[in-house]
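Enquirer: What shape does this take:
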Amino acid sequence: MAHVAALLASTVLSVWAATIARTRRSVPGSTAFSWLMLAVALWSLTSALHTLADGREARVLIAKLQYVGVAPVGVLWLLFASTYSRAAWTGDRLLRTIVWIVPAITFLLALTNEQHAFYWSAIEEVSAAGGTRLVYTGGPWYWVHAGYSYLLVLIGTLILMRGLRRFPPPYRRQTAMIILGAIVPWAGNLLYLSGAVPGVDLTPVAFTVSGALFTLGLHRYRLFGLVPIARDMVVDSMDDGVLVLDAQRRIVDLNAAAERYTGVSSISIGRPVEEVVAWWDEAMTESRPSTEGQPAIVRVEPGPRYFEVKVLAVRDSQRRFAGWLVTIHDISNRRRNELERYAFERRLQEQQKNESLMVLAGGVAHDFNNLLTAIMGNADLIASISKPESDERGAAEAILIGTHRAADLVAKMLAYSGGGRVVAERVDLDSLVREMVDLLGASVARHCTLTYHRSGPVPQVEADPTQIRQVVLNLIVNAAEAVDDNDGVITVETGRETLDQSISKQMTFGDQLQEGEYVYVDVVDNGSGMGEHTLARMFDPFFSTKDQGRGLGMAAVRGIVRSHHAALRVTSKEGQGTRFRVWFPVDTSIHSTSAASDGTRGQSTPS
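Expert: Below you'll find the model as predicted:
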């Protein structure tokens, strides 16, 4: 009766292990393990009852019911091992259904064996110590089920053994305890089936050992208390890309993020990294800091996208060099934020500089304007009282010519600072620009071609026509000075356009424009173009690339555009010409002002 007691003990231990696993459903594989232990408990219990039962019919019935526990053990073991190790196939419902076909057929054939003898070909009652026992001779399907079950157990055990080297030490002890607890009963059953121990079924004893091992695992190694997470799963779930290279810089392994960032798939494993990763050479350039672990910043098109690439040496337990670990961190959002912040800071600095220059220019212009008023008044008085042919009259007229030129400079400085006189009225921009093109055609046509194009009727805008003429004049003269003699072409165009906020970032200045309808003036030349340095400074007062230029024409354009709530964009490349486009709002009103209406010192520009 010792073996009966061992079977009942195994039953109790298995039920207890199933109960503990059932309470920890969050642990991967706990549900399959709980059902596995219940199947083992049923197998042990029916084995004990089979020994205690009297009569052939009772024993055969118990043997049939025993297959409720025996038939699914192999499948449950495979499901547990796969789920515990997070094998991918467990998520396929079709595969999970297919593996149950053989156990289901096995139970049905065992239950109806008398009709076909396909599972047990013969059941014989033989004498044994203390009574009789039944000897079951396996039929064709018996060996099919046995082979299928052993195959599933082998596959599940290999899956767990593979996890032994991937799990940290605490999980390895858990996994080893599970493998031992599962192998022992099958080893006993294998000895029984092979006839190595005639007349003795060691399976019940093996189940007792198995229950003891699971009990030890639950208490000592916190079986189902610690959740094993395979390291490769952690790496695959990382947002950062991970590349593993050998000593010859051949790809050994990579995670999913690395595949996205590099465009490399697992089929490239074994190839040199510089052959398959397009930006690898850029990351390894000599300009990169040589200190190990210092990251390199790589810019990748299209996008662009920015990656922070870090390379670390990998060493084995004896500190010998084994290869390289490459981590790839996507910093595109951070980089874009940095560039936007840098652009904002530059715009802020530019705005502060311009405001300072405007205040300076306005103050100087008003003070100078007061001096010019006195000089012009006295010179005009001297000229009026002097004889026409006298030296005094000639000196006075020379003084007046010089003061008028100085007054023109003052007007441009006031226009740049926004302190000039603005006389607002409804202006037909098309007629005004056509008038300026006709006026300048004769002087410009000496060395280039000036053409005018109208894209369609344009509505009137509220503006100061004198200041708009100055804008058109400065843009055309600036274009004429940039083109080559004889083959230079300047094209002036007017039209209407509806703007939204998306285009505001493309403006050279005036990026605070409102959405709505605008009338534009376009001046395009095929001249030498401008470099980045010239583009950055061309609207600064007193900046000029010409030998005799005063550097106030484009500064005045900027001030006039700003005072009209307009916007300007300039695009240019060296050797490819330049395009200026100025947008004037159709529905925005501006107020007429004098040169001192904004509270600045001085008087209006002398006339």
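
Enquirer: so Glu124 is in which element?
Expert: Assigned by DSSP states H and E, Glu124 belongs to strand 120-128.

Enquirer: And that strand, what's buried?
Expert: 120, 123 (16 or more other C-beta atoms under 10 Å). Just so you know, the C-beta spots here come from the backbone N, C-alpha and C atoms, and that holds for glycine as well.

Enquirer: Pairing partners for that strand, with directions?
Expert: Strand 120-128 has the following strand partners under DSSP bridges: strand 131-138 (antiparallel).

Enquirer: Identify the residues contacting the partner strand?
Expert: Strand 131-138 is contacted from outside by 56, 59-60, 63, 119-126, 146, using C-beta atoms under 8 Å, 6 or more residues apart in numbering.

Enquirer: what number of residues lie near Lys467?
Expert: Quick fix: residue 467 is Gln, not Lys. Neighbours of Gln467 under the rule other C-beta atoms under 10 Å: 22.

Enquirer: three-state assignment of Ile183?
Expert: Under the three-state scheme (DSSP: H, G, I helix; E, B strand; the rest coil), Ile183 adopts helix.

Enquirer: hang on, it packs against Leu158?
Expert: No - using C-beta atoms under 8 Å, Ile183 is not in contact with Leu158, being 11.8 Å away.

Enquirer: quick revisit: point out the least confident one among the contacts of strand 131-138.
Expert: Lowest pLDDT of the contacts of strand 131-138: Val126, 80.

Enquirer: can you give me the strands for this structure?
Expert: 120-128, 131-138, 241-246, 251-254, 296-300, 305-315, 321-330, 425-427, 448-454, 461-463, 488-499, 516-525, 567-572, 578-585 (DSSP state E).

Enquirer: which residues in the stretch 201-350 of the chain form helices?
Expert: 203-220, 231-236, 256-262, 273-276, 280-283, 332-385 (DSSP state H, counting those that start in this stretch).

Enquirer: close enough to count as contact, Leu213 and Ile179?
Expert: No - taking contacts as C-beta under 8 Å, Leu213 lies outside contact range of Ile179: 9.5 Å.

Enquirer: between the two, which one's more packed in?
Expert: Between Leu213 and Ile179, counting by other C-beta under 10 Å, Leu213 is the more crowded of the two (22 against 19).

Enquirer: Just list the residues touching that one, thanks.
Expert: Leu213 neighbours (C-beta under 8 Å, 6+ apart): 177, 180-181, 184.

Enquirer: can you check Ala395 too?
Expert: Ile382.

Enquirer: distance of it from Ala2?
Expert: 140 Å (C-beta to C-beta, to the nearest Å).

Enquirer: Residue most distant from the centroid, the protein?
Expert: No residue in the chain sits farther from the centre than Lys387, which is 83.5 Å out by C-alpha atoms, centre = their mean.

Enquirer: Now that one: closest residue in space that isn't a chain neighbour?
Expert: Distances taken as C-beta to C-beta, 6 or more residues apart in numbering put Arg393 closest to Lys387, at 6.2 Å, once the chain neighbours are dropped.

Enquirer: Check that neighbour and give its pLDDT.
Expert: Arg393 carries a pLDDT score of 83 in this model.

Enquirer: Over to Ser287?
Expert: 43.

Enquirer: The one 3 residues further on too?
Expert: In the predicted model, Ser290 carries a pLDDT score of 41.

Enquirer: domain assignment for this protein?
Expert: Following automatic domain parsing, one gets these domains for the chain: 2-228, 238-330, 336-417, 425-585.

Enquirer: so how far is the longest one off the chain centroid?
Expert: It refers to domain 2-228. The chain centroid and the centroid of domain 2-228 are separated by 49 Å under C-alpha atoms, centre = their mean, to the nearest Å.

Enquirer: Begin at 6, not 1, for the rest of this chat.
Expert: Okay, using 6 as the starting number, the last item reads as domain 7-233.

Enquirer: picking that back up, can you put the strands of the chain in a markdown table and add distance to Leu83?
Expert: Output for the strands of the chain, formatted as a markdown table (distance: least, C-beta to C-beta, whole Å):
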| stretch | distance to Leu83 |
| --- | --- |
| strand 125-133 | 25 |
| strand 136-143 | 22 |
| strand 246-251 | 30 |
| strand 256-259 | 27 |
| strand 301-305 | 43 |
| strand 310-320 | 35 |
| strand 326-335 | 34 |
| strand 430-432 | 86 |
| strand 453-459 | 79 |
| strand 466-468 | 80 |
| strand 493-504 | 66 |
| strand 521-530 | 70 |
| strand 572-577 | 68 |
| strand 583-590 | 72 |
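
Enquirer: So for Phe544, which of the ones you listed sits nearest?
Expert: The closest of the strands of the chain to Phe544 is strand 572-577. By C-beta to C-beta, the value is 8.7 Å.

Enquirer: Can you give the distance of the closest one from its chain's centre?
Expert: Computed by C-alpha atoms, centre = their mean, the separation of strand 572-577 from the middle of its chain amounts to 32 Å.

Enquirer: repeat for stretch 468-485
Expert: Remark: stretch 468-485 is offset 46 Å from the chain centroid, using C-alpha atoms, centre = their mean.

Enquirer: One more: stretch 489-500?
Expert: Relative to its parent chain, stretch 489-500 has a centroid offset of 45 Å by C-alpha atoms, centre = their mean.

Enquirer: what's that stretch in contact with?
Expert: By C-beta under 8 Å, 6+ apart, stretch 489-500 touches 434-435, 438, 442, 449, 452-461, 463, 477, 481, 484-485, 488, 524-533.

Enquirer: Report how many residues lie close to the closest residue to His570 other than its chain neighbours.
Expert: Spatial nearest neighbour of His570, excluding adjacent residues (C-beta to C-beta, 6+ apart): Thr593 at 5.1 Å. Thr593 has 16 neighbours, counted by other C-beta under 10 Å.

Enquirer: My read is that Thr593 contacts Ala429, right?
Expert: No - contact between Thr593 and Ala429 fails when scored by C-beta under 8 Å: they sit 10.6 Å apart.

Enquirer: Give me the common contacts of the two.
Expert: With C-beta under 8 Å, 6+ apart, Thr593 and Ala429 have common neighbours Glu467.

Enquirer: re earlier: next, count neighbours for the residue nearest to Lys392.
Expert: The number of residues packed near Arg398 is 16, by other C-beta under 10 Å.

Enquirer: Spit out the contact partners of the residue nearest to His570.
Expert: Shown in contact with Thr593 (C-beta under 8 Å, 6+ apart): 467, 519, 570.

Enquirer: Export those as a markdown table, with columns for pLDDT.
Expert: A markdown table is the format used below for these (pLDDT from 0 to 100):
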| residue | pLDDT |
| --- | --- |
| Glu467 | 88 |
| Gln519 | 79 |
| His570 | 84 |
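
Enquirer: Which entries within those meet the buried criterion?
Expert: Burial by neighbour count, 16+ other C-beta under 10 Å: within the contacts of Thr593 this picks out 467, 570.

Enquirer: between the contacts of Thr593, which is closest to Gly275?
Expert: Distances from Gly275 to the contacts of Thr593, taken as C-beta to C-beta, are shortest for Gln519 (60.0 Å).

Enquirer: returning to that earlier point: out of Ile188 and Leu163, which sits in the busier spot?
Expert: Taking other C-beta under 10 Å, Ile188 and Leu163 do not tie; Ile188 has more neighbours (17 against 12).

Enquirer: could you point out where the stretch 106-255 of the chain is predicted with low confidence?
Expert: Residues of the stretch 106-255 of the chain meeting the criterion pLDDT under 70: 134-135, 168-180, 183, 187, 190-191, 197-198, 200-210, 212-213, 215-217, 219-239.

Enquirer: could you redo the last one with a cut-off of 50?
Expert: For the stretch 106-255 of the chain, applying pLDDT under 50 flags the ranges 231-232.

Enquirer: Out of the contacts of Leu218, give me the one that has the most neighbours.
Expert: In terms of neighbour count, Gly186 stands highest of these at 25 neighbours, by other C-beta under 10 Å.

Enquirer: how close does the spatially closest residue to that residue that is not a sequence neighbour sit to Pro145?
Expert: Closest residue to Gly186 apart from its sequence neighbours, by C-beta to C-beta, 6+ apart: Leu218 at 3.9 Å. To Pro145, Leu218 is 34 Å away according to C-beta to C-beta.
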